[in-house]
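Undergrad: below are the sequence and a predicted model for it; my questions follow.
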Amino acid sequence: MSARPRLKSLAQQTIVITGATSGIGLATCRMAVQRGAAVVLVARNADALRTISEELRAEGGRVAVQAADVGDPDQVDAIARTAEESFGGFDSWINNAAVFVFGRTDEIPLQDHRRVFDTVYWGVVHGSLTAARTLRSRGGAIINVGSVLSDRALALQGPYSAAKHAVKGITDSLRMEFEEAGLPISVTLVKPGPIDTPYVDHARNWMPSVGTRNPPPIYDARLVARAILYACRWPIRDLYVGSGGLATTLAGTLAPRLTDMVMELGARPLQSSDQPAPTEQSDNLHAPRQDNAERSARSTGQVRRSSLILEAQINPVATLMRQAGDTALTLGRDALRGLLRGRV
């Protein structure tokens, strides 16, 4: 069995981030640079990479870029070469790239099913195996961005749910195999709930005449970035972001049939909107699109900026103390109100 991997401080790390030009990936790149890390930005769109790298360098960031489709293992190998040439290697590798399809599973063309798996599942496999070849000798972290859909499928997101289930399976397998082989590699699966990213703006939609949206509650992408960078620094098995997603996972475990029925009733209304749906010319399933945005263009502003469940995982003592303090404050306030009422 391996010893617990020793991970460097973020300011001493070089971090590879796939899916770096929007959403969670972009939020993570910006936060990593703010914390002093060198970053290798990876995405399909070379123009978007150039724009973001210029922004980060203007802020003093140490940045390299590599245009790559993570579904192609040769292109993923090129990422590692860029990290080696630019920074002498890397310390953490984040598999974040994803594409999306909305619609009934039997109405989605097979080529779209395959494209989702090429990016979401095979991108994780290619990235993890490439990263492991370097990290097996120097040590470091592999962080795979899964989803609460790694645990519990959602109707109308069948291919994506299936791919995220597969991401969980390969992540757990790699973790066990690395530990058994004594490799100094930490492997973490991050499981966000619905996040305010351009996810909906980029998704291909096979629901005729219906716009799409993320089901609530929706959380800020920077919370996921915080979870990811925590896993770059500290070995941890899993990290949930968003209590709503964890609640769905627990419900599916404890009462699967009841959860099925509730989700069947809610799937279409909670994922439908009256906003125009992306067209095949505007989605990014088979070709990249540039927006360089962390948030969705359709965001309503109802976005949660904190996640108690994330805080409880990465800072349990402080969270417990804060909750105890809040409870004591509430009880004290209620007692004072009772005393004042008694005097009136």
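TA: Nice, I can see it.
Undergrad: hey, let's count contacts and neighbours off CA atoms from now on
TA: OK.
Undergrad: give me the residue ranges of the stretch 201-344 of the chain where confidence is low.
TA: Counting by pLDDT under 70, the stretch 201-344 of the chain shows low-confidence ranges at 209, 275-281, 297-301, 317-344.
Undergrad: helices along that one, start to end?
TA: For the stretch 201-344 of the chain, the helices defined by DSSP state H, counting those that start in this stretch cover 221-233, 243-254, 256-271, 308-314, 316-343.
Undergrad: which parts of the first one count as buried, going by neighbours?
TA: In other words, helix 221-233. 221-229, 231-233 (16 or more other CA atoms under 10 Å).
Undergrad: Throw these into JSON lines and include distance to P73, thanks.
TA: As requested, those are exported to JSON lines (distance: CA to CA, whole Å):
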{"residue": "A221", "distance to P73": "28"}
{"residue": "R222", "distance to P73": "29"}
{"residue": "L223", "distance to P73": "30"}
{"residue": "V224", "distance to P73": "26"}
{"residue": "A225", "distance to P73": "25"}
{"residue": "R226", "distance to P73": "28"}
{"residue": "A227", "distance to P73": "27"}
{"residue": "I228", "distance to P73": "23"}
{"residue": "L229", "distance to P73": "25"}
{"residue": "A231", "distance to P73": "25"}
{"residue": "C232", "distance to P73": "23"}
{"residue": "R233", "distance to P73": "27"}
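Undergrad: closest to S306 among those residues?
TA: Lowest distance from S306 to the buried residues of helix 221-233 (CA to CA) belongs to L223, with 7.0 Å.
Undergrad: so the closest one makes contact with S306?
TA: Yes - using CA atoms under 8 Å, L223 is in contact with S306, at 7.0 Å.
Undergrad: could you say which helix or strand holds V40?
TA: strand 38-43 (DSSP states H and E).
Undergrad: and the two most separated of the buried residues of helix 221-233?
TA: Pairwise distances across the buried residues of helix 221-233 (CA to CA) peak at 18.9 Å, for the pair A221 and R233.
Undergrad: need the residue closest to the centroid of the protein.
TA: The centroid of the chain falls nearest to V145 when counting by CA atoms, centre = their mean (4.1 Å).
Undergrad: next, the closest residue to R204 other than its chain neighbours: phi, psi?
TA: Distances taken as CA to CA, 6 or more residues apart in numbering place V101 nearest to R204, at 4.7 Å, with adjacent residues excluded. In terms of degrees, to the nearest 10, the main-chain angles of V101 are phi -140, psi 130.
Undergrad: what is the neighbour count of V101?
TA: Using other CA atoms under 10 Å, V101 is surrounded by 27 other residues.
Undergrad: ok, it touching A162?
TA: No - applying CA under 8 Å as the test, V101 and A162 come out as separate, 11.8 Å apart.
Undergrad: can you list the domains in the protein?
TA: With domains defined by automatic domain parsing, the chain comprises 10-306, 317-344.
Undergrad: just those: most buried one?
TA: domain 10-306 (a mean of 20; mean count of other CA atoms under 10 Å).
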